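A.B. asks: okay, predicted coordinates and the sequence, questions at the end:
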Amino acid sequence: ARQALLAAATGPGRTADGHLVPLLANVGGPKDLEAALANGAEGVGLYRTEFLFLDRAEPPGAEEQEAAYRAVLNAFPGGRVVVRTLDAGADKPLAFLPPPGEEPNPALGERGLRMFRVHQEVMSAQLGALARAAAGSRAKLQVMAPMVAGTTEAEWFVRACHEAGLHEAGIMIEIPAAALRAADLARVVDFFSIGTNDLAQYTFAADRQLASLASLQDPWQPALLDLVHLAATGARTQAKGCGVCGEAAADPVLACVLVGLGVTSLSMGAPALPAVRATLARHTREQCEVAATAARAAPTAQEARAAARAHLPGLS
Ligand code: PEP
Ligand code: MG
């Protein structure tokens with residue numbers, strides 16, 4: 001029993017019945033890498049490249065980028081590293097990449113992958129540096145684009161990745177349209193990663209930076225759970241993986257529900273990993289599915305949480 005407890009504390013993410021759910025870390029700077037390793041992350045599920053570009057008048061050079069990407073890949077030999085291309089704009093403004101015109105609603109403006117339509121050279125430089133860093137690395141590199149709205153954008157990004165010599169290209173699901181059309185998108189890309197922070201923002205038309213709207217940002221909202229279910233189901237029709245890398249994955253009870261909705265990996269701020277690992281290990285996949293169905297059937301976020309908890313007997 002002691003050995004089982006120890007395995008649950010440090011081993012790979014799994015449900016009580018042995019269904020594997022890789023538990024990965026969100027990394028937004030070099031310090032986060034240490035925390036990821038210290039908390040037993042199996043890899044990186046969201047490497048936010050913005051930190052390399054912050055507070056500068058010019059983008060970092062090819063060699064600087066390549067070195068940063070090599071560092072994260074080298075930290076997880078044999079593991080998976082999901083790098084997100086630059087997500088500039090709105091809540092992540094970058095001095096050298098201003099939106100091309102006046103924007104009354106920056107969250108609905110030129111941002112994320114859209115920004116690369118006008119600055120293709122920034123995307124090419126980033127993909128090139130990633131491909132060079134991956135050559136000879138023992139980690140499995142997966143590259144994904146933020147803020148993808150549909151198949152035209154997804155196809156464009158996948159083609160750019162392939163042209164750069166990158167083999168695995170995915171997208172974030174953080175716009176409701178992408179979740180609604182997940183089955184189409186799953187034919188085009190290799191994997192999904194759901195960004196629940198932005199997906200909640202756009203689903204409820206509630207700015208994620210406005211504390212007064214926090215209750216509308218609650219990831220337990222049944223409408224958000226419905227969209228997660230749609231995305232995961234769409235991915236499954238094409239045998240593609242569907243992770244979650246938004247804050248929702250860091251809530252141990254919600255993590256069980258996400259697995260019950262069909263999510264195949266969870267990425268979170270590293271300090272949350274031990275609690276999520278332990279809670280998942282105390283519940284079977286079937287219990288997670290029952291809890292997820294109960295949560296989706298509830299009318300409010302509060303009731304969804306209570307319903308899920310009632311169906312997860314191993315909660316302390
Ligand atoms: C998200 O939107 O949920 C996400 C993970 O990306 P970010 O928080 O960096 O926008
Ligand atoms: Mg986002």
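C.D. replies: Great, that's in hand. Ligands and ions are numbered 1, 2, ... in the order given.

A.B. asks: which residues of the chain fall in helices?
C.D. replies: Listed in chain order, the helices of the chain (DSSP state H) span 2-10, 30-38, 62-75, 115-118, 120-134, 151-163, 176-180, 182-188, 196-203, 222-237, 252-260, 273-281, 285-297, 301-310.

A.B. asks: nearest to ligand 2, out of those helices?
C.D. replies: helix 196-203 (3.6 Å; Cβ to the ion). All C-beta spots, glycine's among them, are computed from the backbone N, C-alpha and C.

A.B. asks: quick check: residues of the stretch 51-200 of the chain near ligand 1?
C.D. replies: Counting by Cβ under 6 Å from any ligand atom, the stretch 51-200 of the chain comes close to ligand 1 at 87, 174, 195-198.

A.B. asks: rerun at 5 Å
C.D. replies: 174, 195-198 (Cβ under 5 Å from any ligand atom).

A.B. asks: what of the stretch 201-316 of the chain?
C.D. replies: 245-246.

A.B. asks: so what's the most centrally placed residue in the chain up against?
C.D. replies: The centroid of the chain falls nearest to Cys245 when counting by Cα atoms, centre = their mean (2.7 Å). Applying Cβ atoms under 8 Å, 6 or more residues apart in numbering, one finds that Cys245 lies in contact with 24, 26, 45-46, 82, 172, 193-195, 267-268.

A.B. asks: cutoff 10 Å now
C.D. replies: 24-26, 44-48, 82, 84, 144, 172-174, 193-197, 265-268 (Cβ atoms under 10 Å, 6 or more residues apart in numbering).

A.B. asks: type out the PyMOL command that picks the buried ones from those residues.
C.D. replies: Selection of buried members from the contacts of Cys245 for PyMOL, criterion 16 or more other Cβ atoms under 10 Å:
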select buried, resi 24+25+26+44+45+46+47+48+82+84+144+172+173+174+193+194+195+196+197+265+266+267+268
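
A.B. asks: just the contacts of Cys245: which are in strands?
C.D. replies: Counted as lying in strands by DSSP state E, out of the contacts of Cys245, are 24-26, 44-48, 82, 84, 144, 172-173, 193-194, 265-268.

A.B. asks: grab the nearest non-local neighbour of Gly13.
C.D. replies: Closest residue in space to Gly13, ignoring its immediate chain neighbours: Leu23 at 3.6 Å, by Cβ to Cβ, 6 or more residues apart in numbering.

A.B. asks: tally of neighbours for that neighbour?
C.D. replies: Using other Cβ atoms under 10 Å, the number of residues around Leu23 comes to 28.

A.B. asks: shouldn't it be in contact with Gly40?
C.D. replies: Yes. With contacts counted by Cβ atoms under 10 Å, Leu23 reaches Gly40, the gap being 7.7 Å.

A.B. asks: follow-up on the earlier one: tabulate the helices of the chain (TSV), appending mean pLDDT and distance to ligand 2.
C.D. replies: What follows is these, written out as TSV (pLDDT from 0 to 100; distance: least, Cβ to the ion, whole Å):
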stretch	mean pLDDT	distance to ligand 2
helix 2-10	61	30
helix 30-38	96	16
helix 62-75	97	19
helix 115-118	92	13
helix 120-134	97	17
helix 151-163	98	15
helix 176-180	98	12
helix 182-188	98	16
helix 196-203	98	4
helix 222-237	98	14
helix 252-260	98	16
helix 273-281	98	20
helix 285-297	98	23
helix 301-310	98	20
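
A.B. asks: now these as a markdown table including distance to Gly109?
C.D. replies: Shown next, in a markdown table, are the helices of the chain (distance: least, Cβ to Cβ, whole Å):
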| stretch | distance to Gly109 |
| --- | --- |
| helix 2-10 | 44 |
| helix 30-38 | 28 |
| helix 62-75 | 25 |
| helix 115-118 | 9 |
| helix 120-134 | 17 |
| helix 151-163 | 15 |
| helix 176-180 | 16 |
| helix 182-188 | 22 |
| helix 196-203 | 13 |
| helix 222-237 | 22 |
| helix 252-260 | 30 |
| helix 273-281 | 34 |
| helix 285-297 | 32 |
| helix 301-310 | 28 |
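
A.B. asks: perfect, I'm done here.
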